[in-house]
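Peer 1: Predicted structure and sequence below. I'll ask about it afterward.
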Amino acid sequence: METPRRIWLVICIAGVLSLKPTPASAQAQGTTTIGVIPLSVVAENVCYNNWERVDITGQVQVETHVTIDDAGTFHLVQNSRATGQGVGEISGANYTYDDYSHLVLKSTDPLPFDFRNRQTITLVGVGVPDQVVRFYTVIRIDAQGNVKTFIDTATVDCS
């Protein structure tokens, strides 16, 4: 079994998803926001064709529901769906991905804080081995309860 290898990665994110929850009141109120993070990644394919570079494009659609209750507990439910495709720069090999994740976060920690959520995308190859891209989304919550979600470190290994 081959060990996971770090990839050379260029992530171009056109925007960072920003959310602001409704402040606590006599009865806790929440907000739901839907946003899209464009995804453009150039990754070294560790599984096929002598480390060929693969251009990966797509988007991550994120739906986030945030509530801060009267006790100051921060509740976050986030659903995300990553969809897109990749193309080998030399071989022209094609890949697709369509993956979903669900996160429930409840915290009494004082704001601000960051939470790192590990996610996985399976690049399904057409006539070539599949690849698994593991990356972190960072959910950053500032002192006012504003939420930003962005993509962080990624690795690739063979499935």
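Peer 2: Yes, it's here. A quick note: this is a predicted structure, and the numbers were derived from the prediction, not measured.

Peer 1: For beta bridges, what are the partners of the most centrally placed residue in the chain?
Peer 2: Centroid-nearest residue in the chain: residue 137, 4.3 Å away (criterion: C-alpha atoms, centre = their mean). Partner residues in beta bridges with residue 137, using DSSP bridges, are residue 117, residue 151.

Peer 1: from what I can see residue 67 touches residue 30, true?
Peer 2: Yes. Using C-beta atoms under 8 Å, residue 67 is in contact with residue 30, at 3.6 Å. Backbone N, C-alpha and C define where each C-beta goes, glycine included.

Peer 1: Neighbour count: these two, which is higher?
Peer 2: residue 67 (19 against 14; other C-beta atoms under 10 Å).

Peer 1: Look up how far residue 147 lies from the residue nearest to the centre of the chain.
Peer 2: 11 Å (C-beta to C-beta, to the nearest Å).

Peer 1: Repeat that for residue 37.
Peer 2: 13 Å.

Peer 1: which stretches of this protein have low pLDDT?
Peer 2: 1-29, 47-50, 159 (pLDDT under 70).

Peer 1: Tell me where it has strands.
Peer 2: 5-6, 10-11, 17-19, 30-44, 53-68, 74-88, 94-107, 113-125, 131-141, 147-158 (DSSP state E).

Peer 1: who's in contact with residue 119?
Peer 2: Applying C-beta atoms under 8 Å, 6 or more residues apart in numbering to residue 119 gives the contacts 80, 82, 99, 101, 134, 135, 136, 137.

Peer 1: Before I go, just wanted to say thanks for your time.
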